[in-house]
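Participant: Return atomic coordinates for the entry below.
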Amino acid sequence: MVLDVFFTVFPLLQLKDGNMKADLEAALPAGREDFAIQCRDVCRSYGKLKVLNNLNLTVPQGQIYGLLGPSGCGKTTLLKCIVGTLKISRGHITVLGKPPAFPGHDVPGKMVGYMPQELALYNEFTIGDTLTFFGRIHGLTRKETKARMDFLIDFLDLPQKTSLVRNLSGGQRRRVSLGAALLQNPELLILDEPTVGVDPVLRSKIWQHLVEIVRTGKVSVIITTHYIEEARQANVVGLMRNGCLLAEGPPDAVMKQHSATTLEHAFLQLCETSDQNGSKRGSSPPGGPLENSQSFESGKDESRPILAVGAGAAEEVPKYSADWKVRARHFLPKWRNIAALMIKTMVRMKRLPGSLCFQFLLPVIQVSLICLCVGGDPKGIQVAVVNNETSPTAYSQSLLSFLDNTSVQQVHLSHEEAFDGIYNAEYWGVIGFGKNFTSYLTKRMIQRQVSREVVDGGSVHVWLDFTSKMQKPFLYLNTDFTTFVTPGAVLSITFYLAVGLTALSFVLERKEGLLDRCWVAGVSSLETMLAHLFSQLFVISVQIILLLLFILLVFKMPNEGSLVLVIILIVLQGVTGISFGLVISSAIDDEQSANQAALGIFYPNLIISGIIWPVECIPYPLRYLSLALPQTYASEALRCIMYRGWGLSRMMVWRGFAVTLGWNTFFLILATVILKLRT
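Facilitator: Below is the predicted model:
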């Protein structure tokens, strides 16, 4: 082995003066180009929990490195640090010559093939869709993607490329995930538990392929596995426990060093030695030679493997620099990635036609319910009538004939029956006429002065049931309330349906490992944001068209202004809703909390944004909050456009556009920053 020239296995757990001490028997060569990965004094913490503890690791170029260790020892965290999706707390990592995520360096990117521990596949995709998606991100041509796809489907013994991922077995899905990692022929291949759930024949075939690509393609491979003996096929193994590397070297040399017949036995001996030395440290008296309380903080912990350069010289961390043009290209979004992500979203929509149709029809249903059920005249109100006049030519009969019979259903009863009915909630009110109503009313109209008896006898007496009163009695209802509510309701529906489209986007993808896989493929948080925004624009555009058709043509809402301004303002509100949904999705990890956040903001915003009641009626402490919300000025602007015919020259109109654009920009920046910080 080439590796034997550079490495001999080193006992990392030798006891010297009561301390664990790491030692390398052979020095590493000075040429950094001989190593695919170098990790030096790497630390990674989650709060107070140290996951990686002064870890040193070296992966030779063109070798298979088997990383072994129990669940929870930090293997997956280390791999994420290597590919650049997690930042280390301290130390230095070099991957293929430069630090991960260095400007102009395609790590993360096409130089790395990554298979996460999760399946990290889109269930709505076919096998062909999955490989095509990653081919687009890596910049492969259609011809290259097709050639690699045909090879991988045959090599991994996969079903037809038109098979949906959700219909595959667990083992088949894992093979598709492996195929996505192998697709672009990467220089570095990182496989996290690739052979779990795979039958022994295919497992052997995968290892043969890894050996082949390492030998012929100068590819370096890191593979983690629970099958310890399986790792004997690797050129180098690293035994990891509690965030530290216990040993690193060729498998046979590790077993020989510990007089073990199997790699598992050698690992067991290393773990026992580690536990024994750890307990000795813990029982050391304060101030004694075994005390090492400062070792972690000082970076001089002797329990870590130290790789010397030369004869005991400290390894110097190189400095890297990049041209400003390279840095600019690194931070600017790549339209190739945005297009790939947009196509991915469109394909997923296409595979869920029922959900897509529901999204299109839901706003139409909601605005129809508002126009039909809010602000109209009451219908079928039963009112008791007590008419003590019997003549068909009496004025009381004429007045009753003018009442709208669609709104009021007259029930003629005696005085006693009428009041019994209203007390029993059978009628909404009682209308009463005296027996001399006609003569008394005539006197009131003719004579200048009349007695109180004449005034009372010539009046219509009305008793109403006010237990369900919401505003004035029905006789005084304002039928324009629907007209007032509709513009704000359209904006509110557009905004919150857009929130619903995106509030769970990153939550689900993060949970399934899809986001991590995209990050490793070289997709940035800004590209992800823009792709989601542009993809959902299609959905909200269809929703807005259907909304306007219904409110203008079906319900005959007036529009005295520019239809173009109306459409632009509603679209901007939809985009703002998408941006707000992305903020929720970026900041929250579980579906229940994301749903609660989206729903919890709905009613306060609806109530105090001037949508269902004028802002002027809101008390002053809350009015300031109301004016700061995204839909308050926008609702006012839409009413001014539709009902007054105003344009952008009016402050009340352009102010609504300006506030909407401001909130949209703020939400997009906030979502991008949160997603960047969390990755």
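
Participant: Sketch out the helices for the stretch 551-679 of the chain, chain order is fine.
Facilitator: Listed in chain order, the helices of the stretch 551-679 of the chain (DSSP state H, counting those that start in this stretch) span 563-587, 591-608, 620-628, 632-644, 651-678.

Participant: Now render the ones you listed as TSV, adding distance to L268, mean neighbour count and mean pLDDT.
Facilitator: The way it works is simple: take the backbone N, C-alpha and C, and place the C-beta from them, glycine included. What follows is the helices of the stretch 551-679 of the chain, written out as TSV (distance: least, Cβ to Cβ, whole Å; neighbours: other Cβ atoms under 10 Å; pLDDT from 0 to 100):
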stretch	distance to L268	mean neighbour count	mean pLDDT
helix 563-587	44	23	94
helix 591-608	41	15	87
helix 620-628	63	12	88
helix 632-644	67	23	93
helix 651-678	38	18	93
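
Participant: Between those helices, which one is closest to T442.
Facilitator: T442 sits nearest to helix 632-644 of all the helices of the stretch 551-679 of the chain, at 44.8 Å, using Cβ to Cβ.

Participant: ok, residues contacting the strand or helix carrying D516?
Facilitator: D516 belongs to helix 514-520 when assigned by DSSP states H and E. Surrounding helix 514-520, the residues in contact under the criterion Cβ atoms under 8 Å, 6 or more residues apart in numbering are 80, 83-85, 108, 112, 114, 116, 120-122, 137, 180, 341, 506, 509-510, 528, 679.

Participant: before we move on, the earlier item: would you reformat the helices of the stretch 551-679 of the chain as JSON lines and include distance to V221?
Facilitator: As requested, the helices of the stretch 551-679 of the chain are arranged in JSON lines below (distance: least, Cβ to Cβ, whole Å):
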{"stretch": "helix 563-587", "distance to V221": "33"}
{"stretch": "helix 591-608", "distance to V221": "36"}
{"stretch": "helix 620-628", "distance to V221": "55"}
{"stretch": "helix 632-644", "distance to V221": "55"}
{"stretch": "helix 651-678", "distance to V221": "29"}
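
Participant: nearest to D377, of those helices?
Facilitator: Using Cβ to Cβ, the helices of the stretch 551-679 of the chain put helix 632-644 closest to D377, at 20.6 Å.

Participant: what packs against the closest one?
Facilitator: Contacts defined by 3 or more Cβ pairs under 8 Å, 6 or more residues apart in numbering; DSSP states H and E place helix 632-644 against helix 481-502, helix 563-587, helix 651-678.

Participant: Which residue is the nearest non-sequential neighbour of the residue of the chain positioned farthest from its centre?
Facilitator: Centroid-distance maximum for the chain: Q447 at 78.2 Å, with Cα atoms, centre = their mean. Spatial nearest neighbour of Q447, chain neighbours left out: V454 (8.0 Å); criterion: Cβ to Cβ, 6 or more residues apart in numbering.

Participant: ok, the one you found - contacts?
Facilitator: Each residue near V454 by Cβ under 8 Å, 6+ apart is listed here: 440, 443-444, 447.

Participant: For those, which PyMOL command selects only the ones that are buried?
Facilitator: Restricted to buried positions by 16 or more other Cβ atoms under 10 Å, the PyMOL selection for the contacts of V454 reads:
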select buried, resi 440+443
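
Participant: Return the per-residue confidence for K334.
Facilitator: On pLDDT, K334 comes in at 89.

Participant: residues contacting it?
Facilitator: Applying Cβ under 8 Å, 6+ apart, one finds that K334 lies in contact with 522, 524, 527.

Participant: Which ones among those residues lie within strands?
Facilitator: Judged by DSSP state E, those include no members of strands.

Participant: Could you save the residues you listed as a markdown table and add columns showing neighbour count?
Facilitator: Output for the contacts of K334, formatted as a markdown table (neighbours: other Cβ atoms under 10 Å):
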| residue | neighbour count |
| --- | --- |
| G522 | 21 |
| S524 | 22 |
| E527 | 23 |
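
Participant: so can I have CSV of the residues you listed showing pLDDT and distance to M255?
Facilitator: Converted to CSV, the contacts of K334 look like this (pLDDT from 0 to 100; distance: Cβ to Cβ, whole Å):
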residue, pLDDT, distance to M255
G522, 90, 39
S524, 88, 44
E527, 92, 47
